[in-house]
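> Sharing a model that was predicted from the sequence below.
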Amino acid sequence: MRDSTLQDRLRIVVLISGSGSNLQAMIDQNHRGDTPARIVAVISNKTEAYGLKRAEQAGIPANVLSHRDYSSREEYDAALQQLIDSYQPDLVVLAGFMRILSDAFVRHYQGRMINIHPSLLPRHKGLNTHQRALEAGDPEHGCSVHFVTAELDSGPIILQASVPVEASDTPESLAQKVHEQEHRIYPRAIDWIARGRVRLENDTVLFDNQPISEQQRRATTD
Ligand code: GRF
């Protein structure tokens, strides 16, 4: 178990591209002081990302590293890696970071990088998940927090939350319901990692040193 003294808090770097509402949920959790985790920096690939303002308002270093300034994915990812590592993070958190990551980058952070995806993985990897859940007639939809591996949206799952799909739902209404669940489960997954309860070992998520069960993975809607 990790010690939860201030000096020993899990150091987190959060990567964003947009609104940063998930980042806000993490900042709020940090401010409540009920988790041994600390956001040490936020990095965006887009100057206009609103999440940068959220970071500044919370007194967290906010960096922009634009992919437009680099001629290849590999060069950008190498610069990004260098910037991230200058903050010596224990965990890299992707929170709406809209970039495909190179294999070398993913390998470098293996077991130390997590993502949230707006679907009940393995359903609906990739984009437009709310629209696709509606088109498929899914009775339920939701979101998943997972460790990042080389294959897009396919890493081992830590936590999932579901919402029922109603006949009256639109992609927008579903997005809103799913977002509310994201704001619950992402901070919780980070807290589990910060407390040393969750870790990745050989592609398996361990919870209290045992492979995580389906029940532990499914967040109840309390
Ligand atoms: C979320 O829907 C998340 O699932 C996806 O990107 C979106 C980010 O939203 N990966 P926000 O910027 O945290 O508001």
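Sure, I can see it. Numbers count the residues shown, from 1 in each chain.
> Work out for me the element Ala104 sits within.
Taking DSSP states H and E as the criterion, the element that holds Ala104 is helix 103-108.
> Please see if the following helix or strand past that helix touches the ligand.
Once helix 103-108 ends, the next helix or strand along the chain (criterion: DSSP H and E) is strand 113-117. Yes. Contact between strand 113-117 and the ligand is present through Ile116, His117 (criterion: Cβ under 6 Å from any ligand atom). (C-beta placed from N, C-alpha, C; glycine too.)
> Give me the contact list for strand 113-117.
In this structure, residues lying in contact with strand 113-117 by Cβ atoms under 8 Å, 6 or more residues apart in numbering are 22, 91-95, 97, 106, 125, 129, 143-148, 153, 155, 158, 182, 185-186, 189-190, 193.
> just these that are near the ligand?
Asn22, Ala95, Cys143, Glu182.
> just these now: which is nearest Ala78?
Using Cβ to Cβ, Ala95 comes nearest to Ala78 of these, at 21.7 Å.
> For the spatially closest residue to the closest one that is not a sequence neighbour, the count of nearby residues, please.
If you skip the residues right next to it in sequence, Ala95 has Asn22 as its closest partner in space, 4.1 Å away by Cβ to Cβ, 6 or more residues apart in numbering. For Asn22, the count of nearby residues is 25 (other Cβ atoms under 10 Å).
> What helix or strand is Asn22 located in?
Under the assignment here (DSSP H and E), Asn22 is part of helix 21-32.
> Then Arg54?
Assigned by DSSP H and E, Arg54 belongs to helix 51-57.
> that older thread, can you name the residues that contact the residue nearest to Ala95?
Each residue near Asn22 by Cβ under 8 Å, 6+ apart is listed here: Ala95, Gly96, Ile116, Glu182, His183, Tyr186.
> Just the buried residues of whichever strand or helix holds Ile193, please?
Under the assignment given by DSSP H and E, the secondary-structure element containing Ile193 is helix 171-194. Neighbour-count burial for helix 171-194 flags 174-175, 177-178, 181-183, 185-194 (criterion: 16 or more other Cβ atoms under 10 Å).
> Which part of this protein gets nearest to the ligand, residue-wise?
When scored by Cβ to the nearest ligand atom, the chain has Gly96 as its residue closest to the ligand, at 2.6 Å.
> What segments of the protein are strands?
Along the chain, the segments classed as strands by DSSP state E run 10-16, 37-44, 62-64, 91-94, 113-117, 140-147, 157-164, 198-201, 204-207, 210-211.
> nearest to Gly51, of these?
Each of those has some distance to Gly51 by Cβ to Cβ; the shortest is strand 10-16, at 4.0 Å.
> The closest one to helix 21-32, inter-axis angle?
Regarding strand 10-16 and helix 21-32, their directions subtend 150 degrees when assessed with axes from the mean of the first three to the mean of the last three Cα atoms, to 10 degrees.
> neighbouring contacts of strand 10-16?
2, 23, 26, 36-45, 49, 51-52, 55, 80, 84, 87-97, 190, 193-194.
> Of all pairs in the contacts of Asn22, which one is the farthest apart?
Every pair in those was compared (Cβ to Cβ); the two farthest apart turn out to be Gly96 and His183, at 12.1 Å.
> residues from this protein in reach of the ligand?
For the chain, the contact set with the ligand under Cβ under 6 Å from any ligand atom comprises 16, 18-22, 95-96, 116-118, 143, 179, 182.
> Would you show me how to pick out the buried ones of the residues you listed in ChimeraX?
Selection command for ChimeraX covering only the buried members of the residues of the chain next to the ligand, criterion 16+ other Cβ under 10 Å:
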select :16,18,20,21,22,95,96,116,117,118,143,182
